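> structure, please.
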Amino acid sequence: MAKNPRILIPLTLLLILTILSPITAIPPETLTNAAETLQNSGYIAMSLTLNENANSLLSETTSATIFAPPDLIFAHFGQPSLSLVQYHFSPLIFSSSSLRSLITRTRIPTMLSDHYLVITSTSSSNHISINNVRVTDSPVFDDGILAVYGVENFFDPDFRVADAPAPNGGGNGCRKVNGGDHGAFHDAGNVLISRGYSVMASFLNLQLLGLGFEESQSQSQRNGLTIFAPVDEVMVDYSDRFPDYPSLFLRHVLPCKVSLNELVSIENGSVLSVGTFLNGFRVNVTRSGVTLKANEVNIVFPDMYYSDWLVIHGISDVISVLELEEDFDESDDDLSEPISPVGSSRGPDGDL
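Okay, the predicted model is just below:
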């Protein structure tokens, strides 16, 4: 018999939701703090470059990653062109762990149109490299909105490597993988809290046991998951909408794994459509140039948490329910079929 979903509402979750206010752009104090940290850390030239170009490059993004060459490189090559500066700014934020999770030849979008950075370090490397340029192991600055890493040299915009191999399984960019344990849920929740996604962390800890991840299951019986996590500030509108909590959580969870490597492999202008744990609701992932979106919501922190079977992407807003799709093509690959949420009239195998 299917379980009846129950959303527990801890006081801490209510407090988080009631004190938040929306963020629509990178706050000026973040840019100021980043520039000061760069200056104090020996990246004076990039500090000045950030001050000069922040308004033009970062005014329309809610997060970013900057790669900063040292002053000696600036002195050797002179003041870089605007296009070269754009190539060192990404509209996505990456923690050091998320950078390390990216496989070789994964492309990272940049502010320079139609140009990507490329991960060149391997899984056996003891450091991160992009475009064959070494990146500092930890960020020079990271406040959860903006991350800045030091790099040994300027990136070459003409750098090219062969495309990464197509992801295994499914062929549609959504992989079902086996494995998983509840320790990953706890670790993922801690990462979410540390990065400003505390509300989704609370939902994660309260709900995943109801999505078929019981303790009695072996790892081989558990499928992979992808979670789209809205940043705390955009969750404030849901603070008093308790009946919406099940839908709010379930529509942000996919029953398979879609990492950044799969996201950037989506052809420009095409759509990856995947069913969610909310019965009848699908997420359409699109790529337009360097912009990645899930149902028109920007993906701003890809691979915020990454494991063999679980990946979490930070997004800039809540994925809204406009219209549930009632009919599905029975011939669709099972990777894109929705899984009935806990408490629906269907069991895990579709039986009534």
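> who does the longest strand seen in the chain pair up with?
Under DSSP state E, the strand in the chain containing the largest number of residues is strand 297-306. If you go by DSSP bridges, strand 297-306 pairs up with strand 291-294 (antiparallel), strand 310-315 (antiparallel).
> so which of the ones you listed is the most packed in?
Mean neighbour count (mean count of other C-beta atoms under 10 Å) peaks for strand 310-315 among the strands paired with strand 297-306, with a mean of 27. C-beta here means a position set from N, CA and C on the backbone, and glycine is covered the same way.
> list of residues touching that strand?
For strand 310-315, contacts defined as C-beta atoms under 8 Å, 6 or more residues apart in numbering pick out 63, 93, 180, 184-185, 188, 191-192, 195, 197, 224-231, 257-260, 263, 294, 297-306.
> report the buried members of those residues.
For the contacts of strand 310-315, a burial check counting by 16 or more other C-beta atoms under 10 Å picks out 63, 93, 180, 184-185, 188, 191-192, 195, 197, 224-231, 257-260, 263, 294, 297-306.
> who wins for proximity to F141 among the strands paired with strand 297-306?
strand 310-315 (17.8 Å; C-beta to C-beta).
> which outside residues touch the strand or helix carrying V85?
Using DSSP states H and E, V85 sits in helix 82-87. Residues outside helix 82-87 that contact it (C-beta under 8 Å, 6+ apart): 49, 53, 57, 110-112, 115, 117, 154-155, 157.
> try it again with 6 Å
49, 53, 110-112, 115, 155, 157 (C-beta atoms under 6 Å, 6 or more residues apart in numbering).
> in the chain, which helix or strand is least confident?
helix 11-19 (a mean of 46; mean pLDDT, DSSP states H and E).
> downstream neighbour of that one in the secondary structure list?
Remark: after helix 11-19, the chain's next helix or strand is helix 28-40, criterion DSSP H and E.
> what average pLDDT does that following helix get?
For helix 28-40, mean pLDDT is 94.
> what's the answer for stretch 97-116, then?
88.
> gap between the two ends of it?
20 Å (C-alpha to C-alpha, to the nearest Å).
> equivalent analysis for stretch 80-94, please.
Counting by C-alpha to C-alpha, you get 24 Å between the two ends of stretch 80-94.
> now it: how far from the chain's centre is it?
19 Å (C-alpha atoms, centre = their mean, to the nearest Å).
> list the buried ones in it?
80, 85-94.
> and the helices in the stretch 201-350 of the chain?
Secondary structure of the stretch 201-350 of the chain by DSSP state H, counting those that start in this stretch: the helices cover 245-250, 260-263.
> okay, domains of this structure per the record?
11-22+167-336, 28-150 (automatic domain parsing).
> out of the ones you listed, which is closest to V161?
Of those, nearest to V161 by C-beta to C-beta is domain 28-150, at 5.4 Å.
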